[in-house]
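[1] Sharing a model prediction with you, sequence too.
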There are 2 protein chains.
Amino acid sequence: MRFEEDLIERIRPDAALVAKVSSTTISLMALIRDMAMAHHEVVDVRLVGSVAKETYVGRPDIDVFILFLKETPRSTLEKIGLGIGREVLPLYEERYAEHPYIHGTFDSFEVDIVPCYHIDDPSQLISAVDRTPFHTKYVLDHLLSEQRDQVRLLKQFLKGTRAYGAEARVQGFSGYLSELLIIKFKTFRKVLEASSRWNFGTKVTMTNGPSAKFPSPLVFIDPVDETRNVASALSVEQFAKFVYASQEFLASPDERFFFPLERSDMGQDAIKRYFDQTGFKVVIVSSPRPTGIDDNIYPQTRKTMEGIRTVLEQGDFHVLDKNFEIGRETRMAFLLMTNEVSQCHKHVGPPVWMDNSDVFLDRWRGHCVGEPYIEGGRWVALIRRNHTGAHDLLVKEMAKASIGSSFKGMEFSVIPHEQVISGGYESVLTELLDKRLPWTI
Amino acid sequence: MRFEEDLIERIRPDAALVAKVSSTTISLMALIRDMAMAHHEVVDVRLVGSVAKETYVGRPDIDVFILFLKETPRSTLEKIGLGIGREVLPLYEERYAEHPYIHGTFDSFEVDIVPCYHIDDPSQLISAVDRTPFHTKYVLDHLLSEQRDQVRLLKQFLKGTRAYGAEARVQGFSGYLSELLIIKFKTFRKVLEASSRWNFGTKVTMTNGPSAKFPSPLVFIDPVDETRNVASALSVEQFAKFVYASQEFLASPDERFFFPLERSDMGQDAIKRYFDQTGFKVVIVSSPRPTGIDDNIYPQTRKTMEGIRTVLEQGDFHVLDKNFEIGRETRMAFLLMTNEVSQCHKHVGPPVWMDNSDVFLDRWRGHCVGEPYIEGGRWVALIRRNHTGAHDLLVKEMAKASIGSSFKGMEFSVIPHEQVISGGYESVLTELLDKRLPWTI
């Protein structure tokens, strides 16, 4: 297909970049190998990731793993592995996921130097990263060289549709999953023909035999470890978007799926028009940015938003939508049907014939509007609310929200509707209100 | 107990009334018997009901049944039976429940003259009223004469707590059920000791052996027909109130349970205060009074109110409570959390991966605020409402409500909050808002 061939031309790294990546990788590997092999605990130094697999799109990260004997104490592994990283990379930072590693730059490339255990079989893994060399080997063994361009097409499609990356910020498709999809379905187009028909819970495997049940929208059994779902990080949101993007692309292929236009922030006029048209309201809770890595902050922010949503819903504020932005501060925006509710609410208690109905009566008699009464066989009380406004509710009851541990002890500010729409919150409002899919911008 | 003895003195019909009831009944029975026994289809004329059982409280109705041979055609039974009724009663009207009968007055007593079939066993009944003579016989055979006062106490307690009567207007306890409760539990107080511990679904029987399941709050198997629940007309509302009244009476006996104060209509000030305090709103739908008997109109009105409630809830108006009044017109009042909602609502469609998601997109693309978007894997559209006010909604969409057949083709008027509270609706508003139990007034 002319269209796809043209795209491949555009995406495929040019000869100069390939040469530069190769030479840089060779020098870096040599340096690390020299230092690492001097330690009797080190078994091997292995190039992994998209450079090893030649499936990168754009300027790649270079990922080097230092493999240690299984018997090496973790502290020794870290001391030696991180020590080498620090020495080799002129600019570095120590990062820690489940496992510490060194991230830095070398000859203008981003580099990860990761110590791991050398295991015989992925079922014996000691740290989660121990599996990576097996993934690299599997792809090298099974991906045909002419399929590398197909992987690149798929990765660029995922990037363009904002679904690339298994990290918590994206909750999308990893590079390894992209490669497995091409190995399984052969070409980019065939992947999309399959995914356009996926249902929630669709299962894809390279292997035969039974496998565990996973509660994920997509299940791709890891061919190097049958107990693992390669697509476990994929959110239902990203899954649905990918299914729809596949359908849309097949119906009318367009380079905007690969190279979308930038979404610009909504202007004040558009924001005002939205709220005038809908009658909806918005409230924002902001806090300082928690310390830590994105893979921790994003889930913590989502958990915190759920907690705040519960407080709002318990106060009878119907949350229509929510979104957040993590910049210098964390801004969590809640779209509400209304931000003012009646002074009272109806509190439905136990059936009259239940033993504990006394407790309800004792609690509410003399403390509700009128007296408790019977409705449908149950006691009911009309209770005066503490807060009739969403802003007041959050200012006073925020402490009751179940929040992520990274947010414990933080100062939260609550910004009411009028202040939010009067300016300064265009970016997070755009996240919340501009629902266009990337390729339709 | 002094308290109960005093009450019995007060409730028990005095000698003059008893004498008057007896003499009237004797003359009435003689008249009917003379006419009826001239027809070879008539087997017997039977005094039934509370006069026959001597369990009446206040001025009783006199109920006379004319029993026909099973083989009599229904038309003959009606012709002869109703003919006698018309002849005997100077003032009468023809009434029709499942079965036609004559209601009128005789010597200043209300009288029902009811033709029915003479059957050997209640399992063979041809018309629902055929069972009544068996009920009367059962009570006469099983109620001790000293228990008649206990029945009177219970009936007066049920009247005072507004739970007496199995008709659709009340959905409470029939006279027969009151009598059976005394036969079962011996005294008024023991009935209350039992009922104060009843749970939803409590089953009471006089007989042994298996019986059908009934989905009622109280099941009292009819001792003359095991397939029938004597308490089938009892609503969960009345059941719960009776359980609670029993508990309250036992905790502190008071004549207000038997002779409550009249509930007076709320004044304008109290009504205004209620709505100011709660922030709730009200809307009333009124129509002419449908023709027919109460036992038909009341269920039809309840059905109509359910239909209107559904329309309100579909328009996102949360109905907190509802009540109605049937006078010269039918007034159905709905208590609302609010009577104005946002211009738009969020319409959640099918999951993106469902085959029918196209239909949703075709329907809403270009016809919603922004475009349909994906949330939680589903398509969602923000849709402009046709009506943001409860009054407007009902004026325009009342035709969509599922209404009782008696209301078909009727003109409905919708009275908005401001007009309702400005006067003229005190009576139905009192029904809706004054939740005090009768003995607490």
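    Sure thing, it's come through.
[2] got a list of what A:G327 touches?
    A:R289, A:S427 (CB atoms under 8 Å, 6 or more residues apart in numbering or on different chains). For the C-beta atoms, the positions are set from N, CA and C on the backbone; glycine is no exception.
[3] separation between it and chain B?
    From A:G327 across to chain B, the span is 23 Å (CB to the nearest CB, to the nearest Å).
[4] which residues does A:L382 contact?
    Per CB under 8 Å, 6+ apart, neighbours of A:L382: A:C344, A:H345, A:K346, A:H347, A:C368, A:V369, A:G370, B:T278.
[5] what kind of secondary structure is it in?
    strand (DSSP: H, G, I helix; E, B strand; the rest coil).
[6] Skipping its backbone neighbours, what lies nearest it in space?
    A:V369 (4.1 Å; CB to CB, 6 or more residues apart in numbering or on different chains).
[7] so how far is B:R273 from that neighbour?
    10 Å (CB to CB, to the nearest Å).
[8] which one of the two has more residues nearby?
    A:V369 (18 against 13; other CB atoms under 10 Å in any protein chain shown).
[9] and the more buried one, backbone torsions?
    When read as degrees, to the nearest 10, the backbone of A:V369 gives phi -80, psi 120.
[10] is it true that it touches A:R384?
    Yes: judged on CB atoms under 8 Å, A:V369 makes contact with A:R384 at a distance of 6.5 Å.
[11] in the stretch 51-200 of chain A, what spans have low per-residue confidence?
    A:97 (pLDDT under 70).
[12] all strands of it, in order?
    In the stretch 51-200 of chain A, the segments counted as strands under DSSP state E, counting those that start in this stretch are A:62-68, A:91-96, A:100-106, A:109-117.
[13] Check the stretch 201-350 of chain A too.
    A:202-204, A:218-222, A:225-229, A:281-288, A:319-326, A:329-336, A:344-351.
[14] In contact with A:T278, which residues are there?
    A:T278 neighbours (CB under 8 Å, 6+ apart): B:S342, B:Q343, B:C344, B:V369, B:L382.
[15] per-domain residue ranges of chain A.
    A:2-141, A:145-257, A:268-340+A:387-440, A:344-384 (automatic domain parsing).
[16] okay, now A:G370: neighbour count?
    There are 14 residues near A:G370, going by other CB under 10 Å.
[17] you'd agree it is up against B:K435?
    Yes: applying CB under 8 Å, one finds A:G370 in contact with B:K435, separated by 5.6 Å.
[18] near chain B at all, stretch A:169-179?
    No: Stretch A:169-179 lies apart from chain B when judged by CB under 8 Å from any CB of the partner chain; the minimum separation is 12.4 Å.
[19] what's the answer for stretch A:428-435, then?
    Yes: judged by CB under 8 Å from any CB, stretch A:428-435 comes into contact with chain B at A:L433, A:D434, A:K435.
[20] Which single residue of the stretch 1-150 of chain A ends up nearest chain B?
    In the stretch 1-150 of chain A, the residue that lies nearest chain B is A:Q150 (23.7 Å; CB to the nearest CB).
[21] ok, now which ones touch that residue?
    A:I182, A:K186, A:T187, A:F188.
[22] Can you pick out the most distant pair from those residues?
    Largest separation among the contacts of A:Q150 by CB to CB: A:K186 and A:F188, giving 9.1 Å.
[23] And the two? Which one has more around it.
    Comparing A:K186 with A:F188 by other CB under 10 Å, the one with more neighbours is A:F188, at 26 against 13.
[24] Could you check how far the nearest residue to the more buried one once chain neighbours are set aside is from A:S196?
    Ranked by CB to CB, 6+ apart and with sequence neighbours excluded, the top spatial neighbour of A:F188 is A:L153, at 4.1 Å. Separation of A:L153 from A:S196 (CB to CB) stands at 16 Å.
[25] Tell me the predicted confidence for the closest residue to chain B within the stretch 151-300 of chain A.
    Residue nearest to chain B within the stretch 151-300 of chain A: A:G279 (3.4 Å; CB to the nearest CB). Per-residue confidence (pLDDT) for A:G279: 94.
[26] Just confirm it contacts B:K346, I think it does.
    No: contact criterion CB under 8 Å: A:G279 and B:K346 do not qualify, at 12.0 Å.
[27] Could you pull up the residues touching the residue nearest to A:F188?
    Counting by CB under 8 Å, 6+ apart, A:L153 has contacts A:E4, A:L7, A:I8, A:I11, A:F188, A:F258.
[28] closest to B:R289 among those residues?
    A:F258 (70.5 Å).
[29] Residues of the stretch 301-441 of chain A that sit close to chain B?
    A:316, A:320-321, A:337-338, A:341-346, A:351-353, A:369-371, A:373-378, A:382, A:384, A:388, A:433-437, A:440.
[30] What is the neighbour count of A:K213?
    9.
[31] and what of A:L181?
    26.
[32] The nearest residue to it once chain neighbours are set aside and B:R189: what is the separation?
    Nearest non-adjacent residue to A:L181, counting by CB to CB, 6+ apart: A:V191, 4.8 Å away. Remark: distance between A:V191 and B:R189 (CB to CB) = 80 Å.
[33] do A:Y176 as well
    79 Å.
[34] ok, the two, which is more surrounded?
    Taking neighbours as other CB under 10 Å, A:Y176 and B:R189 compare with A:Y176 leading, 23 against 18.
[35] ok, back up a step: give the residue from A:G279 and B:K346 that has the larger number of neighbours.
    Neighbours per residue, other CB under 10 Å: of A:G279 and B:K346, the larger number sits with B:K346, 20 against 17.
[36] list the contacts for that one?
    Per CB under 8 Å, 6+ apart, neighbours of B:K346: A:L320, A:D321, B:V380, B:A381, B:L382, B:I383.
[37] who wins for most neighbours among the residues you listed?
    Of these, with other CB under 10 Å as the count, B:L382 tops at 26 neighbours.
[38] That residue pairs with what?
    B:K346, B:V369 (DSSP bridges).
[39] Tell me where the stretch 51-200 of chain A has helices.
    Using DSSP state H, counting those that start in this stretch, the helices found in the stretch 51-200 of chain A span residues A:74-88, A:132-142, A:148-160, A:175-185, A:188-195.
[40] if we can go back for a sec, nearest to B:Y56, of the domains of chain A?
    domain A:344-384 (29.3 Å).
[41] and the gap between the spatially closest residue to A:R378 that is not a sequence neighbour and B:V243?
    Leaving out its chain neighbours, the residue that sits closest to A:R378 by CB to CB, 6+ apart is A:P351, at 5.2 Å. Per CB to CB, A:P351 is found 9 Å from B:V243.
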